[in-house]
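Colleague: Fold the following and give me the result.
(one chain, ligands or ions: 1)
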Amino acid sequence: MIINNQEDVTKAVLAEIARAPDPRFREVMSAFVRHLHDFAREVRLTEDEFQKAVGYVVALGQRTTDSHNEAVLMSGSLGFSTLICLLNNGNNGQTETTANLLGPFWRPESPRMPNGASLVRSPTPGTPMFVDAWVKDRNGRPVVGADVDIWHSSTEGYYENQDPMQADMNLRGKFTTDAEGHIGFRSIKPAGYPIPVDGPVGDLLRAQRRANMRPAHLHFLIHKPGFKTHVSQVYTDDDPNLETDSQFGVTRRLIGHYVLHENEPAPAPDVKGPWYSLEYTFEIEPGVAKLPRPPITDKARGERPTIERLKRA
Ligand SMILES: [Fe+2]
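Modeller: Sure thing, here's the model as predicted:
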């Protein structure tokens, strides 16, 4: 099609997309092009701004390696990942859900462990924590024999695959729900952590005077045939960054009550000082038990990275 004016460009592109045999491809790409073109019209995007936008997209790719995924970070920083999660869980966005973001650090091959085992595999400072979690279906019935993957950051705010100082698979484990749909494990209470800001995501946050912290949380991935794979994070209720999560992950339902016990005997005799407990129940939905693709596949090497902390202004 020969273009006569700016309106014609959109028509020309849509006409080409209409040739695609896959109806879902036609639906998604037509809407994408319509919104993209209308977006440029609405803000009257200048040529300089267009160049800058292309630079952002290029930098997302250039910054991404086998041990870092800048695209996932950008999607989270724009709230897009949480939007997609909430649209696709809780009966397709109609009800509250315990689903949440996967984040970049999940590793599918974490070691299987018996209920009650500890996730700590190399000396890791921190307050001991005992967690009991239940997996239920929509009718409140226990889901038996579900695999529950758990991973979390250290007290210093690093996942083991970011931090050469931690043992392989430290603060990770895979548990199986019992007849009550229950798993239990012990670990140390995780800390919040800054997301890397040496790429385009950092530029985005600085432009808005935003902080780059994530509130402390435990990650869960629940897998059982017959159910939609349930990805979740349970946030600590005492974290100062709950309201300003750089990834917009904190939903009301996912704020866990981490109880501090200062003068009570712990469930394990080796714990003498204060300890935390957490009880939490996940509700999973019928669907396809498909595992996600891990956003990164390699571990960071060399020195432990220092990640700049941006202050919210
Ligand atoms: Fe995380």
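Colleague: for the least confident helix or strand in the chain by mean pLDDT, packing partners?
Modeller: Lowest by mean pLDDT, DSSP states H and E among the helices and strands of the chain is helix 90-93, with a mean of 92. Judged by 3 or more C-beta pairs under 8 Å, 6 or more residues apart in numbering; DSSP states H and E, helix 90-93 is in contact with no other helix or strand. Quick note: C-beta positions are derived from backbone N, CA and C, even for glycine.
Colleague: give me that answer again for 10 Å
Modeller: Other helices and strands packing on helix 90-93, by 3 or more C-beta pairs under 10 Å, 6 or more residues apart in numbering; DSSP states H and E, are helix 80-88.
Colleague: Buried residues, the helix it packs on. List them.
Modeller: 81-82, 85-86 (16 or more other C-beta atoms under 10 Å).
Colleague: mind checking how far the residue nearest to Glu285 when sequence neighbours are not counted is from Gly76?
Modeller: Nearest non-adjacent residue to Glu285, counting by C-beta to C-beta, 6 or more residues apart in numbering: Lys228, 5.0 Å away. Per C-beta to C-beta, to the nearest Å, Lys228 is found 21 Å from Gly76.
Colleague: quick one, which of the two is more surrounded?
Modeller: Comparing Lys228 with Gly76 by other C-beta atoms under 10 Å, the one with more neighbours is Gly76, at 23 against 18.
Colleague: doesn't the more buried one fall inside a helix?
Modeller: Yes. The assignment for Gly76 is a helix, going by DSSP: H, G, I helix; E, B strand; the rest coil.
Colleague: Not counting the least confident helix or strand of the chain itself, show me its contacts.
Modeller: By C-beta atoms under 10 Å, 6 or more residues apart in numbering, the surrounding residues in contact with helix 90-93 are 83, 85-87, 96-99, 138, 251, 253, 283, 285.
Colleague: If we use 8 Å, what do you get?
Modeller: For helix 90-93, the surrounding residues in contact (C-beta atoms under 8 Å, 6 or more residues apart in numbering) are 86-87, 96-97, 99, 285.
Colleague: By pLDDT, give me the weakest of these.
Modeller: Across the set of these, Glu96 stands lowest in pLDDT, at 93.
Colleague: What residue, apart from its backbone neighbours, is nearest that residue spatially?
Modeller: Arg253 (5.1 Å).
Colleague: mind listing what's buried in the longest helix seen in the chain?
Modeller: Ordering each helix of the chain by length in residues (DSSP state H) puts helix 23-43 first. Under the neighbour-count criterion of 16+ other C-beta under 10 Å, helix 23-43 has 29, 33, 37, 40 buried.
Colleague: how about the strands of this protein, start to end?
Modeller: Along the chain, the stretches classed as strands by DSSP state E are 128-136, 147-152, 172-176, 182-188, 193-194, 213-214, 217-223, 230-236, 255-256, 259-261, 275-283.
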